[in-house]
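Asker: below are the sequence and a predicted model for it; my questions follow.
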Amino acid sequence: MPELQLDITTDEGIMPTFTCWPEGDGPFPAIVFYMDAPGIREELYDMARRMASHGYYVILPDLFYRCGVLRFPHRSPQTAVIWRTAMTQMPNAGIMSDTKVMLDYMDGLDIVKPGPKATIGYCMSGRLVTAAAGTFPDVFAANASLYGVGIVTAEDDSSHYHINDIKGEMYYGFAETDSTVPCYIIPTLKAELEEHGTNYVLDVHPGTGHGFCFPGRDTYNEAAAEKAHAHFMDMCDRLLK
């Protein structure tokens, strides 16, 4: 499978970015894959490759680039302190600006099919998927947020305020037990989705905890992870191909 590590210039610096796509001339529909809190690592590359194997061009940016090059091959309480700090340097507006740069980059590639695209994100990037779907409603047709954190906040730029503008299809997959998702999040999110007539599916996966999609975690739940993956790929096949 072809892969490319590249540097994309944004308004705030150089954003290292991983891309991969199937063999062949394409063009292939594109998926923007937003990383989770532990950052860029081989585990995410493998997930990108799996999505690409279904017939997609996948782009995975390093969203911590504003803080330098941060890599955490092993999880620990010490590394968590660093990535949680880096997360505070990721306002929605800044990541949406990064997303526009990625979209412009892909517009110049023959390998990328013009037209609708998809987004997917886990953990901290669940809010980014929601913001992107509303910020670029004519671009992102298939969008999946898995155990997303911070989708509903009291801040003026809270992602749930973008729901009014979403035109694409949304999938929200939450864990049954997740201390990072307070009890008011899902009811508030559902009320907003219903109010604006958003086309969405929201699953709370029984018997799961935060991080259930990642095979290397002790919370990994294969059945729930495969269900979420299959739902997202079905969305992409229906709406992008």
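Answerer: Noted; the coordinates are in hand.

Asker: any low-confidence regions in the chain?
Answerer: Residue ranges of the chain with pLDDT under 70: 67-68, 70-76, 78-87, 89.

Asker: could I get the full set of strands for it?
Answerer: Here the chain has its strands, by DSSP state E, at 3-10, 13-20, 30-34, 57-61, 117-122, 140-146, 169-177, 200-209.

Asker: name the helices or strands packed onto the third one?
Answerer: It refers to strand 30-34. Where contact means 3 or more CB pairs under 8 Å, 6 or more residues apart in numbering; DSSP states H and E, strand 30-34 is packed against helix 42-52, strand 57-61, helix 92-107, strand 117-122, helix 126-135. C-betas here are computed from N, CA, C, even on glycine.

Asker: bridging residues for the closest residue in space to Y65 that isn't next to it in sequence?
Answerer: Nearest residue to Y65, sequence neighbours excluded (CB to CB, 6 or more residues apart in numbering): M15, at 4.6 Å. Beta bridges link M15 to I8, judged by DSSP bridges.

Asker: I'd like to know how far M15 sits from E195.
Answerer: From M15 across to E195, the span is 35 Å (CB to CB, to the nearest Å).

Asker: who has more neighbours, those two?
Answerer: M15 (19 against 10; other CB atoms under 10 Å).

Asker: isn't the more buried one right up against Q5?
Answerer: No: counting by CB atoms under 8 Å, M15 does not reach Q5; the two are 11.7 Å apart.

Asker: scan the protein for its longest helix.
Answerer: helix 222-240 (DSSP state H).

Asker: can I get that helix in CSV? Just the C-alpha atoms.
Answerer: Once non-C-alpha atoms are left out, helix 222-240 reads as follows in CSV (Å, rounded to 0.1, in the frame of the first residue of the first chain):
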residue,chain,number,x,y,z
GLU,A,222,-13.7,-6.4,19.7
ALA,A,223,-17.4,-6.7,19.1
ALA,A,224,-18.1,-3.0,19.7
ALA,A,225,-15.0,-1.9,17.8
GLU,A,226,-15.9,-4.0,14.8
LYS,A,227,-19.5,-2.7,14.9
ALA,A,228,-18.3,0.9,14.9
HIS,A,229,-15.8,0.2,12.1
ALA,A,230,-18.4,-1.5,10.0
HIS,A,231,-20.9,1.3,10.5
PHE,A,232,-18.4,4.0,9.5
MET,A,233,-17.2,2.1,6.4
ASP,A,234,-20.8,1.5,5.3
MET,A,235,-21.5,5.3,5.6
CYS,A,236,-18.4,6.0,3.5
ASP,A,237,-19.4,3.4,0.8
ARG,A,238,-22.9,4.8,0.6
LEU,A,239,-22.1,8.5,0.6
LEU,A,240,-18.7,8.8,-0.9
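
Asker: and it, which residues are buried?
Answerer: Buried residues in helix 222-240, defined by neighbour count with 16 or more other CB atoms under 10 Å: 224-225, 228-229, 231-233, 235-236, 239-240.

Asker: likewise for stretch 201-217?
Answerer: So, applying 16+ other CB under 10 Å, buried residues of stretch 201-217: 205, 208-214, 217.

Asker: ok, what's across the strand from the residue nearest in space to the middle of the chain?
Answerer: Nearest residue to the geometric centre of the chain (CA atoms, centre = their mean): G121, 2.0 Å. Applying DSSP bridges to G121 gives these bridge partners: Y34, S145.

Asker: does L146 touch A228 like I think?
Answerer: Yes: judged on CB under 8 Å, L146 makes contact with A228 at a distance of 5.7 Å.

Asker: cheers, nothing more for now.
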